[in-house]
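quick check, what structure comes out for this input:
(2 chains)
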Protein chains: 2
Amino acid sequence: MADVAQAFVPGHVTGFFTADRNPDPTKTGSRGAGIALSDGVTVTVRAADSVSVVLNGEEIEMEAVQRVLDALEVQGEVRGVTDLPLGSGFGVSGAMALGSALATNQAFDRRLSRNELVTIAHGAEVQAGTGLGDVVAQAHGGVPIRLEPGGPQDNFLDAIPTRGRIEYHVVGELSTDDVLSGSTDEITEAGKKALSEVVSEPTIQRFMRASRTFSRESDLLTPAVHEVITDVTEAGGNAAMAMLGETVFSPGTGLSDAGYDPAVCGVHPAGATIETEFD
Amino acid sequence: MADVAQAFVPGHVTGFFTADRNPDPTKTGSRGAGIALSDGVTVTVRAADSVSVVLNGEEIEMEAVQRVLDALEVQGEVRGVTDLPLGSGFGVSGAMALGSALATNQAFDRRLSRNELVTIAHGAEVQAGTGLGDVVAQAHGGVPIRLEPGGPQDNFLDAIPTRGRIEYHVVGELSTDDVLSGSTDEITEAGKKALSEVVSEPTIQRFMRASRTFSRESDLLTPAVHEVITDVTEAGGNAAMAMLGETVFSPGTGLSDAGYDPAVCGVHPAGATIETEFD
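I've put the predicted structure just below:
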């Protein structure tokens, strides 16, 4: 038993989604599509006398992580380090939950399978109200299409087989919990339409277009985000809103070409991975 | 349309397997478990007037690749480059089939999804008789456990959440086609037993032990491989036979510690990935 272990979980921007509720949190989730990012969260777990969660050096409350540690019946210190902002649609809480599950399993020799750990993290995130689909997408990597909602026992994923540079620009914050706790019927209707678009032609271009349409039809598009997307379109690029954050992402050099100074990363081909090696 | 595209597919050593036949090649496959390797095959596809397959500079016949190009209705030149030997249990033919599918999709703008491409490569490999489970494992990456046989529409995968150094030593060749075209009842019985062992405790140690037992009970263990495994065990290490090749693999430094001069790589966390980036 190592007593300490580390995992890396890619960030994830969601282009469109549905909200699919079920009495069982591991069957609750969302359909949709997004991009796993090479910018992500490195999560380290070590044994401790009590549970604490630290993100970029600052102690925080994060219910999803607490729930993961409870489910695995351990006390530990969870430290996350990331360049991604919290509350801006990058799946940081999902990454913390999934990274905690993977690293705790190794540090405490819990001997669970990958799917079991993803299920625990997904259920924890759903119960905390901070996300519906990030965890399973972050476990998959690439440009995942979530065809069925829920954890790994229930969902069904496909992906757009592509790779490349991704730029993003953060305008502000949105509360996932606020949006998801309201009526989501309109969102789900728009999400189902976008999903069928991308299934009929799984390319990055069609994904971006479907995501833009979704942001309008779901009424989630904010004026500030709309302005940035318009700038990118006028410069000949392709941009969309990251759900749920006031963030714009663009494949290639869309934001740079429009005169912004975006953060730059890439599609992350692998899903979340344990980084600590076996002895 | 790029006209040329490149993909990387990890090698894959199978520890144990079952042979599950179905009239539909995309439902045919195997259950079992193995390790995706950071040593793999880089596959480049470009448009050409006729189909040709080149591996490490030498033109070869490879039915699985031919079938992939037929299914995608293209003529092209497929070039594979790898350090892994053919016919020694590393899934080189599966890697060539899957890499061809991913790269062809991009080079010829075929707009298929990742699952569709994996299904085509898996079906091609099954029909060629060169493998039953490598393609889906190579698409997954990590240390995949194949709980149900077949392509992505039918199978169900889990994984051992682990990472580390893998050594391998090639003793000789075995023909997958010869073994799979004979009676596989004994193999499948031994494979089902090994699978239930690993499902009950998904760790690398249990996987190695179940693989060793499988190689004896399936009667696939050769005297030369047995000797190497015994040497590693006596040196305090953990080794097993790669199915189907006369190859021994070992996590950590098992083969080195036993005085061998093995090839060294690691668990490959990502599945097969396209390497050519979008414009």
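
just the element for A:Asp67, please.
Not quite, residue A:67 is Arg, not Asp. helix A:63-71 (DSSP states H and E).

what number of residues lie near the residue of chain A found nearest chain B?
Closest residue of chain A to chain B, C-beta to the nearest C-beta: A:Ala270 (3.3 Å). To be clear about C-beta, it is placed using only N, CA and C from the backbone, and glycine gets the same treatment. The number of residues packed near A:Ala270 is 20, by other C-beta atoms under 10 Å in any protein chain shown.

report the contact partners of it.
By C-beta atoms under 8 Å, 6 or more residues apart in numbering or on different chains, A:Ala270 lies in contact with A:Pro10, A:Gly141, B:Gly141, B:Pro269, B:Ala270, B:Gly271.

so what does the residue nearest to A:Phe214 when sequence neighbours are not counted have for phi and psi?
Nearest non-adjacent residue to A:Phe214, counting by C-beta to C-beta, 6 or more residues apart in numbering or on different chains: A:Phe16, 3.6 Å away. As for A:Phe16, its main-chain torsions (degrees, to the nearest 10) stand at phi -160, psi 160.

A:Phe16 pairs with what?
Per DSSP bridges, the residues bridged to A:Phe16 are A:Ala33.

ranges for the strands of the stretch 1-150 of chain A?
All strands of the stretch 1-150 of chain A, identified by DSSP state E, counting those that start in this stretch, fall at A:4-17, A:32-47, A:52-55, A:58-60, A:76-82, A:144-148.

residues in contact with stretch A:221-236?
A:169, A:171-172, A:174, A:212, A:215, A:238-241, A:246-248, A:250, A:254-255, A:257-260.

convert the C-alpha atoms of it to PDB, please.
Extracted in PDB, the C-alpha atoms of stretch A:221-236 (Å, rounded to 0.1, in the frame of the first residue of the first chain):
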ATOM      1  CA  LEU A 221     -26.600  31.600 -24.200                       C
ATOM      2  CA  THR A 222     -25.700  34.800 -22.300                       C
ATOM      3  CA  PRO A 223     -25.200  38.100 -24.100                       C
ATOM      4  CA  ALA A 224     -21.400  38.200 -23.200                       C
ATOM      5  CA  VAL A 225     -20.900  34.700 -24.600                       C
ATOM      6  CA  HIS A 226     -23.000  35.500 -27.700                       C
ATOM      7  CA  GLU A 227     -20.700  38.500 -28.400                       C
ATOM      8  CA  VAL A 228     -17.500  36.500 -28.300                       C
ATOM      9  CA  ILE A 229     -19.000  33.700 -30.500                       C
ATOM     10  CA  THR A 230     -20.100  36.400 -33.000                       C
ATOM     11  CA  ASP A 231     -16.600  37.800 -33.100                       C
ATOM     12  CA  VAL A 232     -15.100  34.400 -33.800                       C
ATOM     13  CA  THR A 233     -17.700  33.700 -36.600                       C
ATOM     14  CA  GLU A 234     -17.000  37.000 -38.200                       C
ATOM     15  CA  ALA A 235     -13.300  36.200 -38.200                       C
ATOM     16  CA  GLY A 236     -14.100  33.000 -40.100                       C
END
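
check what pLDDT the closest residue to A:Pro149 other than its chain neighbours gets.
Spatial nearest neighbour of A:Pro149, chain neighbours left out: A:Gly29 (3.4 Å); criterion: C-beta to C-beta, 6+ apart. Looking at A:Gly29, its pLDDT stands at 96.

list the contacts of A:Gly29.
A:Gly29 sits next to A:Asp20, A:His122, A:Val126, A:Leu132, A:Gly133, A:Val136, A:Arg146, A:Pro149, A:Gly150, A:Gly151, A:Asp154, A:Asn155 when contact means C-beta under 8 Å, 6+ apart.

and for A:His12?
A:Gly34, A:Ile35, A:Ala36, A:Leu37, A:Phe90, A:Gly91, A:Gly94, A:Ala95, A:Asp134, A:Ala137, A:Gln138.

how many other residues sit next to A:Glu217?
Neighbours of A:Glu217 (other C-beta under 10 Å): 17.

surely it touches A:Lys192?
No - with contacts counted by C-beta atoms under 8 Å, A:Glu217 stays clear of A:Lys192, the gap being 10.6 Å.

please enumerate the shared neighbours of these two.
Here A:Glu217 and A:Lys192 share no contacting residue, scored by C-beta under 8 Å, 6+ apart.

show me which residues of the stretch 151-279 of chain A are close to chain B?
Taking C-beta under 8 Å from any C-beta of the partner chain as the contact definition, the stretch 151-279 of chain A meets chain B at A:152, A:158-165, A:199, A:201-204, A:251-252, A:266, A:269-271, A:273-279.

any of the residues you listed buried? List them.
A:152, A:158-165, A:202-204, A:251-252, A:266, A:269-271, A:273-278 (16 or more other C-beta atoms under 10 Å in any protein chain shown).

that older thread, okay, the angle between the helix holding A:Arg67 and strand A:32-47?
For helix A:63-71 against strand A:32-47, the angle by axes from the mean of the first three to the mean of the last three C-alpha atoms, to 10 degrees is 60 degrees.

pLDDT on helix A:63-71, on average?
97.

tell me the buried residues in that helix?
Quick answer for helix A:63-71 (16+ other C-beta under 10 Å): A:Glu63, A:Ala64, A:Val65, A:Gln66, A:Arg67, A:Val68, A:Leu69, A:Ala71.

got a pLDDT number for the nearest residue to the last one once chain neighbours are set aside?
Read it as A:Ala71. Leaving aside its chain neighbours, A:Ala71 sits nearest to A:Ile120 (4.8 Å; criterion: C-beta to C-beta, 6+ apart). With respect to pLDDT, A:Ile120 scores 98.
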